[in-house]
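> Sequence and predicted model, in that order:
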Amino acid sequence: MIFTKKRTKRPFSLIEILLGLSIMAMLLSFLFSSLTQSIKLSSIIHAIQNDSLKNGLLYGRLSKIFDKSNHNTILFLKNPTSQKVESISFEIDNAIDPQTMFSGKVFVKIYNDNSHLVLELSSQNKKHKRKEILFENFSHLQWEEHLPFFITLSITDSKNNSKKTFAFFLPSYSLNQPGFPI
């Protein structure tokens, strides 16, 4: 006959419980710190994506407008005291538009209206107007004329104080034509 020793289950000691709890607390603190870092990073990435989308929409819309422009009709309206360009007016061939009064030759005015960059289309008879806000919340706006080749627009965003500069080439002078200043 073989006698086996009966094992008794003994409870965990206080030191073992405290050691287990401290290991769990360290793991949880590491988990929560990495979670908060990933949430912060996600919000930064989201803000950068929105900023890039806003810049892309502005550049895309104004590129299409300037591609249709007649560089001979571009008029820069300057502030008499600062000599800075306040608005740009010109004529474009808008081709076909869902609103027929804005089809064909229309007049365009791009100006600053209380930290909003506004694009205003006027029909040929100038009776009908359509406004579109292209960019919001900027602290500084500056147009520079490099006619007859291109126009630059510099905008300082008031949210992150970053300066963005866009160049818009006019249709009669593209990069492929001779005479472009390099």
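Happy to help now that I have it.

> how about the helices in this protein?
14-67 (DSSP state H).

> residue closest to the middle of it?
Centroid-nearest residue in the chain: Lys54, 2.6 Å away (criterion: C-alpha atoms, centre = their mean).

> Tell me how far the residue lying closest to it once chain neighbours are set aside lies from Ile151.
For Lys54, ignoring the flanking residues on the chain, the nearest one in space by C-beta to C-beta, 6 or more residues apart in numbering is Phe135 at 7.0 Å. Backbone N, C-alpha and C define where each C-beta goes, glycine included. Using C-beta to C-beta, to the nearest Å, Phe135 is found at 15 Å from Ile151.

> And Pro11, by the same measure?
82 Å.

> model confidence over stretch 27-39, on average?
For stretch 27-39, mean pLDDT is 94.

> Now do it: distance to the chain's middle.
31 Å (C-alpha atoms, centre = their mean, to the nearest Å).

> Convert the C-alpha atoms of it to PDB, please.
The C-alpha trace of stretch 27-39 is given here as PDB (Å, rounded to 0.1, in the frame of the first residue of the first chain):
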ATOM      1  CA  LEU A  27       0.900  47.200 -16.700                       C
ATOM      2  CA  LEU A  28      -2.200  49.300 -16.500                       C
ATOM      3  CA  SER A  29      -0.300  52.600 -16.200                       C
ATOM      4  CA  PHE A  30       1.800  51.600 -19.200                       C
ATOM      5  CA  LEU A  31      -1.400  50.800 -21.100                       C
ATOM      6  CA  PHE A  32      -3.200  54.000 -20.200                       C
ATOM      7  CA  SER A  33      -0.200  56.200 -21.000                       C
ATOM      8  CA  SER A  34       0.200  54.600 -24.500                       C
ATOM      9  CA  LEU A  35      -3.600  55.000 -25.000                       C
ATOM     10  CA  THR A  36      -3.500  58.700 -24.200                       C
ATOM     11  CA  GLN A  37      -0.400  59.200 -26.500                       C
ATOM     12  CA  SER A  38      -2.300  57.500 -29.300                       C
ATOM     13  CA  ILE A  39      -5.400  59.700 -28.800                       C
END
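
> To what extent is the nearest residue to Asn137 once chain neighbours are set aside buried, counted in neighbours?
Leaving aside its chain neighbours, Asn137 sits nearest to Ser158 (4.9 Å; criterion: C-beta to C-beta, 6+ apart). The number of residues packed near Ser158 is 13, by other C-beta atoms under 10 Å.

> And Ser158, what's its pLDDT?
pLDDT, read off for Ser158, is 85.

> Ser63 and Gln37, how far apart?
For Ser63, the distance to Gln37 (C-beta to C-beta) stands at 38 Å.

> Name the nearest residue to Asn161, ignoring sequence neighbours.
Nearest to Asn161 is Ser139, by C-beta to C-beta, 6+ apart, at 7.4 Å.
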